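S.K.: prediction below, plus the sequence it came from.
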Amino acid sequence: MKTKGLSASRIREAYRVLSQIMRAAVDNDMIPQTPCRDVKLLRMPQTEPHILTPLEASRIVRSATSRMTC
């Protein structure tokens, strides 16, 4: 999947869905074990959190408040 340019988070999401399907197949005796065992996923890149400035926070509050009164 990485060769197609998918991000680590997209790959993890696809793996999660596939893993759930395979787990259900095992639970329903359709396959003896899931092929998703012991799969090593790419690490998620470390990102810095975006902390809102007081101005950004007040804009969000104003926007939410104005939408509530409409």
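M.R.: Noted; the coordinates are in hand.
S.K.: centre of the chain versus the least confident helix or strand in the chain by mean pLDDT, how much separation?
M.R.: Lowest mean confidence among the helices and strands of the chain (mean pLDDT, DSSP states H and E): helix 54-68, at a mean of 89. Computed by CA atoms, centre = their mean, to the nearest Å, the separation of helix 54-68 from the middle of its chain amounts to 27 Å.
S.K.: tell me the pLDDT at K4?
M.R.: Note on K4: pLDDT of 68.
S.K.: swap in the one 4 residues further on?
M.R.: Looking at A8, its pLDDT is 85.
S.K.: and it, what is it in contact with?
M.R.: Residues in contact with A8, defined by CB atoms under 8 Å, 6 or more residues apart in numbering, are L41, L42, R43, M44, P45. (Glycine included, C-beta is placed from N, CA and C.)
S.K.: who wins for neighbours among those residues?
M.R.: Using other CB atoms under 10 Å as the neighbour criterion, L42 leads the contacts of A8 with 14 neighbours.
S.K.: tell me how far it lies from R10.
M.R.: Separation of L42 from R10 (CB to CB, to the nearest Å): 10 Å.
S.K.: what do these two both touch?
M.R.: Joint contacts of L42 and R10 (CB under 8 Å, 6+ apart) do not exist.
S.K.: if we can go back for a sec, R16: which of the contacts of A8 is nearest?
M.R.: Using CB to CB, L41 comes nearest to R16 of these, at 9.6 Å.
S.K.: look up how far I21 lies from the closest one.
M.R.: On the measure of CB to CB, L41 and I21 end up 17 Å apart.
S.K.: just R12 next, same as before
M.R.: 15 Å.
S.K.: for these two, indicate the residue with more neighbours.
M.R.: R12 (15 against 11).
S.K.: residues contacting the more buried one?
M.R.: Counted by CB under 8 Å, 6+ apart, R12 has contacts L41, L42, M44.
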